[in-house]
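Asker: Predicted model, plus sequence, below.
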Amino acid sequence: MLEIDRLSKRFSGLVAVDDVSMRVSEGSITGLIGPNGAGKTTLFAMTSGFLPVDAGNVRFEGATVTSMPPHDRTRLGMVRTFQIVQPFAGLSVRENIAVGAYLRTPDRVDALAEAETVGNRLGLGPMLDLAASSLTVAGRKRLELARALATRPRLLLLDEVLAGLNPTEIRDILPVIRSIRDDGVTIFMIEHIMQAVMNLCETVYVLNEGKLIAEGAPAIVCSERPVIEAYLGQGAAARLQAEGGQPHA
Ligand SMILES: Nc1ncnc2c1ncn2[C@@H]1O[C@H](COP(=O)(O)OP(=O)(O)O)[C@@H](O)[C@H]1O
Ligand SMILES: [Mg+2]
């Protein structure tokens, strides 16, 4: 469904993404992991059209979209969430979600109805009429997901949607992510929390210093020496062992 072909991006002296290729197959939950500064967000920004590529191509459902603006990609069915969630503070939760729905309908009533449906689905029902600025971090993450879903995507790019959540909040949102996929939305997710990756992803790609260093089933990839070494400075090897995460059916 998504083909990332030899993408590169340089910021002055720094090669943030270096000749990286990845595939996301339809119906999958595919992970993208790697230490801070590995180039994950930069790769997503190029994939979704927020940042021009220096080299390489992005294909979505067979169409080359490398130079297409983000909103046109979203119209085709590819949408991303942002690592730093910034809702429109002056708008209600319902209106924030409707911002996504307006991509599919110019009608305010339709957009607000869609927002309500999606909001309920993501557990935001009781908060729909509150100001978005009153949401907790976990609420904002759900809002960000809802706004993306309201565009009716076929491919959802999630940038650390679990970051900043406590273990209970993570446990609560994992089934939500899985159910989105079960409803036919392919998911490509950047995630730091190994347990979540192990739980959700069938395939995972690992970036380090801009380069793809491993790919495959999470349990196998995370036991590979280059991957453990890439994380060692951040203590991820120990974390992995402590979590003892196992893939779930
Ligand atoms: N707009 C930018 N200008 C200059 N350097 C950037 C920019 N965006 C990211 N970088 C650098 O590129 C590298 C990769 O960043 P990023 O893609 O955000 O990594 P990750 O999401 O894996 O933590 C980092 O060294 C970061 O400082
Ligand atoms: Mg990032």
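Answerer: In hand now; what should we look at? Ligands and ions are numbered 1, 2, ... in the order given.

Asker: Can you pull out the residues in contact with stretch 73-83?
Answerer: Identification of contacts with stretch 73-83 by C-beta atoms under 8 Å, 6 or more residues apart in numbering yields 2, 41, 44, 47-50, 60-61, 63, 65, 68, 70, 100, 103, 144-145, 147-148, 151-161, 163, 190. Placement of C-beta: from N, CA and C, glycine included.

Asker: Any stretches of the protein with poor pLDDT?
Answerer: 232-249 (pLDDT under 70).

Asker: What helix or strand is the residue located most distally from the centre of the chain located in?
Answerer: Relative to the centre of the chain, the most outlying C-alpha is that of residue 109, 28.6 Å out, by C-alpha atoms, centre = their mean. Following DSSP states H and E, one finds residue 109 within helix 108-121.

Asker: who touches the helix or strand following that helix?
Answerer: Following helix 108-121 in sequence order, the next helix or strand is helix 137-149 (DSSP H and E). Residues outside helix 137-149 that contact it (C-beta under 8 Å, 6+ apart): 79-82, 85, 87, 93, 96-97, 99-100, 115, 118-119, 121-124, 127, 132, 135, 156, 158, 161-162, 164-166, 169, 173, 176, 180, 185.

Asker: Which positions within helix 137-149 qualify as buried?
Answerer: 138, 139, 140, 141, 142, 143, 144, 145, 146, 147, 148, 149 (16 or more other C-beta atoms under 10 Å).

Asker: now stretch 11-27
Answerer: For stretch 11-27, by 16+ other C-beta under 10 Å, it's 16, 17, 18, 20, 22, 24.

Asker: Is ligand 2 within reach of that stretch?
Answerer: No: judged by C-beta under 5 Å from the ion, stretch 11-27 stays clear of ligand 2, getting no closer than 10.5 Å.

Asker: who's in contact with that stretch?
Answerer: By C-beta under 8 Å, 6+ apart, stretch 11-27 touches 1-10, 30, 32, 39, 42-43, 46, 55-56, 155, 181, 184, 186, 188, 203, 205, 207, 209-212, 215.

Asker: out of those residues, which touch ligand 1?
Answerer: 39, 42 (C-beta under 6 Å from any ligand atom).

Asker: Which ones among the contacts of stretch 11-27 lie within strands?
Answerer: 2-10, 30, 32, 55-56, 155, 186, 188, 203, 205, 207, 211-212, 215 (DSSP state E).
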